[in-house]
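Peer 1: can't give you the sequence, but here's the structure:
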């Protein structure tokens, strides 16, 4: 069948896949600076050096990367500064880049080095991705949480420490380190330089910057150069492997629930089952990513980010790091609405003046949300991916059901909200006041019935919606799904009864 | 180290493993009809075609499959219609089969095609499996849920939407789409044709059937040809891989808990650990499946379904798609009893006239359940699998303990039932009435104490029993196990106290 | 299609990959006794024989194992008895060892065989590991649970069966089998010989010992030879694979939560993500285990047990089966403290006379705990592993945060304890009495508020601490983390209110 020469090519291809580090390492062209870094760091941090050695960046120069055809290219800059183009991307190429704009730059053996490599550094080669990510809601994850008065109130009720004086529960405020350990692990910290520290090392005395908010790899991290986000959230240092970013375990770090159970739902879906059962043999490194050839079933990246083609090279989906490109609805929320227009959601104001995309009665705050036409465009993009493996009837019915589930879960949240409002009105709890126009009188997240209400939408309604979107069965039924939504409403009503009885 | 020749051997071996589809694809003999399907669908749904190409069905004809020795055969029909025997099983061979009996058959480019391939289609080659599955309790999953008055009452309390009028919680009924998203995702929907729809396609205007209850792949799906079940529940389209069906991820789609936590329990059991740690190298495609050679530790399929032999070819367990063949007890239930005789459990009537295998006091409704002798036969079948790797002392003790756990958990459920009955008697909740003979006065699943009672058996007792059956440790202790059983009973008693206090 | 020669190539290639055991088995030198065992057991328990065949022990003699250089050696005894040194470690070499000291030794076809192979048997070759494990807190897991009056009280409230007399909840004591199914599955049972039983086998009538507490593979198992522990807890029979012990699934059997959610936290950490995404290609069998070469990211074993070197063969961490060697703090506990000095924690006495490492007010009982200097030594050992892949600034900040989290979670537990103490004082629950000096008046684990208090530290505070230690994000926030700590305290206060209202 095959000529000998073709077979040889095949064999070499296989070898390349099986022992990439060995084959690739011959290609390394390291800068002098990086060579100097490695001289010490191969002993100082051998794991980092070994990890980086397995990376694609260590084994190909940007010039070679630019030379690929359009669909196979992994870098999006049109041109790369000459100094960088001809050497592999090593320690110095990233940690020595743009050193003037990094507040964490310090003198290190004669080099100006910064610890925290930021999206602006990565943009040198991956310009489009960094721009897109900047327009993605994730890049605003710090501000959308901490600069939103409602969300911040929730953060405080979670991270503060309750006190008890024999009768009443109070709350002692948390410090920044606690926020960093909790919500900001995923949302991102503010990384700040707080001075320097000199210490003994194997190479004598050395001075290093002192950080607050570090380490952190949250998606909305505020970096010492003022940029937002952390590419290493998904492209873990120092291998930066696309294979890793495309597997659902990466997303599971922050989307595992009970608040955003995307990974859990996926893992018991048909798609997740196929990934777990067959995925070990898939081509997670291929660019473009060919449906049916490189994989049998989608992972998170397939539907939300990656450049997909069919086996003939026809593009099914463009790569986008602005993940909302394929998202018509925001499943997550007190009430699920159309996706917000702006990645910065603190700009939203509802009738109560709160930065929330829906009123307390569930109506969407339309002016801040994408319109139906844009929703249609985005849903069509998503559906195009589905249609590679499913008929149009199947796909349309799937989305019709999901929209019904959004309405249904919003309806159940509304019932829970009515019970809570009744508690506020009757003085059984203190939160929103209805007396002279609605306003926040007290934290709406501290009392038991308020916390039950939070679980209604944050855990149970969200879970049910994710289960619908990804066909994840039990997460819409018993596993934090409808069972809990209905039970919770009954328990809220009972709590109110018992509390009113105490008040008599 | 290695001579050149040896290296070549290795490389060729690797090739064979990496690209089996390539090797197999030379064997494809496609029917003219299927070739015509593929001509368009390779563009219309490239993922489906690529997936099917990796399937065994695409690469071997039924005639070749029939030609295997008995233990290696994967098809069970004695003979195959001539027209089908000599071509690979492609699109048309399934979607064009028995078109007269499919209500979803429609004209598609000159072919009579049906969307929903049913077990009766698969029976053409897999007759024994389809017959067995029809006698399996799973095939009745729709009716056993929706036509059982008690179970249906639970469905309604889960899928309906609670309302609140300022004082009382009410319930708005769900529609069919909600049931399909929730319970029926696993149990199966009724798939019905609701007319046709014409739409533009890349190939011009085309007419397709409109479905309700579709998509769905539940095990008890009611198909447009009147058959029950969906082979693709476990043998996912269009690769139908035995490798997938034999891995526990397939079962996890519906058995992940908290109601039936089989997968969760398995995954932290010793068996599950060995599968997760070593399973990547096992022979999941081998038929028969050889203990110790093809795998080191059982998966769900090993104990419940697969044909197993020892390395000498001695049969350890016959293949059976009537999974209850090896099940003496039904772990699942308000009270766990012997396995029911009939796959259709709606035929059962207890003293209250309810279709439940036990009285409300826990006594089994013996006439509808298999007797001790049959239990012994089934348990022996199961034990034979265990004995391949464990001593008789080990295995017997394991089963003695499991039977004790069934008694223990039933006992704890009885205590919870007594607390609930006390609530009913004292008017703190409304469910069963004891006044003029026991009868259902109001839903037994709507009030908080009733929902707590449900969790007692559905979540906690079931979890503890599964943990015992599969040696899954914490699922019988802290993870939805005994800790929660005892805590829940105490909370039920407290709820009753608080409620009675309100009523004073 | 293929020529014969090509087919041969293929077969040899495949054989090499698929049946390594076949290749290894040429090295097997079996004792006559073991050969005799296998003659029958290859039919009687084919899975055990096949599994053992894949083991290293089956394919190398202790003499060969001793001959390796120091870093590569897998056995730690300086010399091995001559009789054992020159044969592979087979059935008889373990099950016939030290037969005089095993109370479960029985006559079996002319051999003195014992069922339960104990650490003292394994010590013949793995002397250092057995000694270390004996000094590890795990080896005392039975006594630390069952001989600690507080812990035993908790066991009884979990495993006993609640009763209800129409008004009050009582408790019926559990039997030993229930303890074995629940807590002792991980902690270990007492395995005792309770006589003998004769039964028919394929080889005629045979007599076997009758056991209580068997099967069990808990880490603190009390064996019939009086030794403590079970090597097969982590090194599962009969392959005893280091590959298995080094993967986190092994630890997940007992550390999956909600009480000790180490595995869950790990699995959604960055480390766990990298393991799940890349681990399939790692060298889990290598000794020593080379950072960056054999693996990209740590598993449980990496940080807690294994011998690690850098690619130059420089030792980063010594192997230790006394896992506390690298543990400065005990995260687990009502209050988290410094690690206890003694593996047997029943020796501890706090001011109340209870065997707990902290007072009820949270102060550590210093005299039984390692001092700051020893804490520093242990933390440095742990940090050395981190420093292979992380900068000192990163690592130091990580540990500073963890220590803050320990203080924070202890503080939250103290608040919960104050609410509980208030309930005791006001007579709303019965536990500790404060009247004539503190003493235990009634179980401190039976009433609802007491059970809520247990979840505060056992589930939520522990989860938050593990999340901090391993950077497991949501387990310190919504997934059994801070959200639940604060909600639980509020609910405890509400319960107290409602209960006092009933008592009025």
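Peer 2: Received it, and whenever you're ready, just let me know what you need. What you are looking at is a predicted structure, and each value in this text was computed from that prediction instead of being measured.
Peer 1: When you work out contacts or count neighbours from here on, use the C-alpha atoms and nothing else.
Peer 2: Fine.
Peer 1: Where do the strands of the stretch 51-200 of chain A begin and end?
Peer 2: Along the stretch 51-200 of chain A, counting by DSSP state E, counting those that start in this stretch, strands occupy A:105-108, A:111-114, A:161-164, A:169-172, A:192-201.
Peer 1: For the longest one, name the packing helices and strands.
Peer 2: Going back to what we said before, that points to strand A:192-201. Packing partners of strand A:192-201 (3 or more CA pairs under 8 Å, 6 or more residues apart in numbering or on different chains; DSSP states H and E): strand A:204-212.
Peer 1: buried residues in the strand it packs on?
Peer 2: A:208, A:209, A:210, A:211, A:212 (16 or more other CA atoms under 10 Å in any protein chain shown).
Peer 1: Next, find the distance separating the closest residue to residue A:44 other than its chain neighbours from residue C:65.
Peer 2: Closest residue to residue A:44 apart from its sequence neighbours, by CA to CA, 6 or more residues apart in numbering or on different chains: residue C:388 at 7.2 Å. Distance check for residue C:388 against residue C:65: by CA to CA, to the nearest Å, it reads 29 Å.
Peer 1: which of the two has more neighbours?
Peer 2: residue C:388 (24 against 18; other CA atoms under 10 Å in any protein chain shown).
Peer 1: Residue C:290 is in contact with that one, correct?
Peer 2: No: if you go by CA atoms under 8 Å, residue C:388 and residue C:290 don't touch, sitting 10.7 Å apart.
Peer 1: so what's residue A:495 up against?
Peer 2: residue A:449 (CA atoms under 8 Å, 6 or more residues apart in numbering or on different chains).
Peer 1: Near chain C, which residues of the stretch 1-150 of chain A are found?
Peer 2: Proximity of the stretch 1-150 of chain A to chain C, by CA under 8 Å from any CA of the partner chain, involves residues A:44, A:45, A:46, A:47, A:48, A:49, A:50, A:51.
Peer 1: Kindly report the same for the stretch 201-350 of chain A.
Peer 2: Going by CA under 8 Å from any CA, the residues of the stretch 201-350 of chain A near chain C are A:210, A:214-215, A:236, A:243-244, A:247, A:249-250, A:252-254, A:256-259, A:280.
Peer 1: From those, list the buried ones, please.
Peer 2: Buried among those (16+ other CA under 10 Å): A:210, A:214-215, A:236, A:243-244, A:247, A:249-250, A:252-254, A:256-259.
Peer 1: Quick check: phi and psi on residue A:364?
Peer 2: In terms of degrees, to the nearest 10, the main-chain angles of residue A:364 are phi -70, psi 150.
Peer 1: which residues does it contact?
Peer 2: Contacts of residue A:364 by CA under 8 Å, 6+ apart are A:337, A:338, A:357, A:358.
Peer 1: Who wins on neighbours among the residues you listed?
Peer 2: residue A:357 (28 neighbours).
Peer 1: burial of the nearest residue to that residue once chain neighbours are set aside, as a residue count?
Peer 2: Excluding the flanking residues, the one nearest residue A:357 by CA to CA, 6+ apart is residue A:365, at 5.3 Å. Residue A:365 sits with 19 neighbouring residues when counted by other CA under 10 Å.
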